[in-house]
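**Q** requesting a structural model of the entry that follows:
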Amino acid sequence: MRSPWEIVFFGTPVFALPTLKVLIEGPDPVVAVVTQPDRRKGRGQKVTPAPVKELALRHGLTVLQPERVKEETFLGYVGTLQPDLFVVVAYGEILPKDLLAIPKHGAVNVHASLLPKYRGAAPIPWAILRGEEVTGVTTMMMDEGMDTGDILLQEKFSVGQKETGASLYERLASLGASLLRETVEGMKAGSIHPTPQDHTRATYAPSIKKEDGSIDWKREAREIDRQVRALNPWPGAFTRWEGKFLKIVKGEVREEGSKGRSGTVSWVGADFISVETGKHSFLIQEIQLEGGKRMAVRDFLPGHPVSVGTTFS
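**A** Sure thing, here's the model as predicted:
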């Protein structure tokens with residue numbers, strides 16, 4: 001039987017939870033969990049711990065929350081742990097050379113794309129925004145670059161036609177956990193051989209900003225549909241109606257000839273609002289008015305009548 005490896009886990013959001021759970025349940029001890037410091041969140045700006053911290057504490061694990069991983073005190077403490085491996089999943093900060101040199105067998109990152117495609121902070125929404133039909137997860141050996149290390153394992157699957165950022169996030173998080181388990185087992189057995197990335201084929205997935213949700217109705221309906229799905233749940237795709245922000249939660253493309261100016265309501269049905277775009281129409285099915293709740297169009301219209309000819313800006 002192979003000796004267990006002592007692991008330090010780096011991660012912060014919900015996406016990292018399945019992988020941490022796999023490690024907790026596995027044969028290799030997690031000697032410390034590193035996560036981002038508690039932040040203020042929500043309307044009340046309440047100080048809130050990261051999901052990874054909450055899970056780690058429930059299992060009695062040591063939690064470290066450095067403001068910067070370059071801190072000498074932090075580097076010194078991690079060094080005293082003499083870990084065999086780092087596992088990194090959406091931690092939120094690039095690890096410096098001095099830190100990466102600590103574990104005996106290096107640092108493995110779980111990345112939510114088929115590298116070298118979509119290096120960067122937001123591979124999940126960008127895969128939908130750019131109309132990818134296939135995506136997946138990569139485990140790689142970390143270096144000082146941004147997602148530039150040698151590939152260990154990859155697994156791919158199809159992106160559904162109705163896939164949202166939320167649903168793809170959940171699927172990739174689960175897939176990443178199982179791939180990480182397979183990766184660690186293969187590394188211990190000596191059956192995995194790192195493969196350098198083809199850097200000439202690299203594409204990038206920069207952080208999503210709130211303004212990325214603003215809908216330009218002059219774009220094709222298919223692009224708007226991808227925007228609505230990719231940015232669900234955050235920041236959401238939105239437009240303005242009667243001076244308020246209107247978030248478009250769900251809709252679909254209707255392939256028909258343009259009948260009027262982009263952004264103009266061309267038809268109001270019981271269950272949808274049809275809006276003209278640069279090409280074809282977009283049928284709004286679920287909606288959320290600024291300050292209100294998410295609701296189906298059939299429930300929204302009685303209290304908020306929308307007439308044909310109305311223009312969304």
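**Q** wasn't residue 53 part of a strand?
**A** No: looking at residue 53 with DSSP: H, G, I helix; E, B strand; the rest coil, it is helix, so not inside a strand.
**Q** surely it touches residue 34?
**A** No: contact criterion Cβ atoms under 8 Å: residue 53 and residue 34 do not qualify, at 9.8 Å. Glycine gets a C-beta too; all of them are placed from N, C-alpha and C.
**Q** now the common contact residues for the two.
**A** 63, 65 (Cβ atoms under 8 Å, 6 or more residues apart in numbering).
**Q** now residue 18, nearest residue through space, not along the chain?
**A** Across the structure, with Cβ to Cβ, 6 or more residues apart in numbering as the measure, the residue nearest residue 18 apart from its sequence neighbours is residue 177 (3.6 Å).
**Q** my bad, residue 251
**A** Closest residue in space to residue 251, ignoring its immediate chain neighbours: residue 284 at 4.7 Å, by Cβ to Cβ, 6+ apart.
**Q** which residues does the one you found contact?
**A** Counting by Cβ under 8 Å, 6+ apart, residue 284 touches 248, 250-251, 272-275, 297.
**Q** where does the chain dip in pLDDT?
**A** When the per-residue scores of the chain are filtered using pLDDT under 70, the ranges that remain are 1, 258.
**Q** longest helix in it, by number of residues?
**A** Ranked by residue count under DSSP state H, the longest helix found in the chain is helix 165-189.
**Q** so which elements touch whichever helix or strand comes after that helix?
**A** Helices and strands here follow DSSP states H and E; after helix 165-189, the next one along the chain is helix 221-230. Using 3 or more Cβ pairs under 8 Å, 6 or more residues apart in numbering; DSSP states H and E as the contact definition, the elements that helix 221-230 packs against are helix 123-129, strand 237-241, strand 244-254, strand 281-289.
**Q** which residues touch the longest one?
**A** Counting by Cβ under 8 Å, 6+ apart, strand 244-254 makes contact with 213, 215, 221-222, 224-225, 228, 232, 236-240, 272, 274, 280-291, 294, 312, all of which sit outside it.
**Q** and stretch 144-158, by the same measure?
**A** Surrounding stretch 144-158, the residues in contact under the criterion Cβ under 8 Å, 6+ apart are 94-97, 100, 108-109, 111, 114-116, 119-120, 133-143, 171, 175, 179, 182-183, 186-187, 192, 194-197, 199, 202.
**Q** residue 160 touches residue 171, doesn't it?
**A** No: in this structure, residue 160 sits apart from residue 171 without contact. The criterion is Cβ under 8 Å, and the distance is 9.1 Å.
**Q** these two - which one has more neighbours?
**A** Taking residue 160 and residue 171 together and counting by other Cβ atoms under 10 Å, residue 171 has the greater number of neighbours (19 against 13).
**Q** distance of the more buried one from residue 163?
**A** The span separating residue 171 from residue 163 equals 8 Å under the rule Cβ to Cβ, to the nearest Å.
**Q** now that we have the contacts of residue 284, which one has the most neighbours?
**A** The most neighbours of any of those, using other Cβ under 10 Å, belong to residue 275, which has 28 neighbours.
**Q** hey, what's that residue bridged with?
**A** The bridge-partner assignment for residue 275, based on DSSP bridges, gives residue 265, residue 282.
**Q** list the residues that contact the most centrally placed residue in the chain.
**A** Among the residues of the chain, the smallest C-alpha distance to the mean C-alpha position (Cα atoms, centre = their mean) belongs to residue 124, namely 4.7 Å. Residues near residue 124 by Cβ under 8 Å, 6+ apart: 112-113, 135, 165, 168-169, 172.
**Q** rewinding a little: with neighbour numbers in mind, choose between residue 53 and residue 34.
**A** Summary of the neighbour comparison: residue 53 and residue 34, criterion other Cβ under 10 Å, with residue 34 having more neighbours (26 against 22).
**Q** does that one really touch residue 66, like I thought?
**A** Yes: applying Cβ under 8 Å, one finds residue 34 in contact with residue 66, separated by 7.2 Å.
**Q** domain ranges for this protein?
**A** Here the chain is described, according to automatic domain parsing, as comprising the domains 7-201, 210-300.
**Q** nearest to residue 306, of the ones you listed?
**A** With distances scored as Cβ to Cβ, the stretch of the domains of the chain nearest to residue 306 is domain 210-300 (5.7 Å).
**Q** sounds good, over and out.
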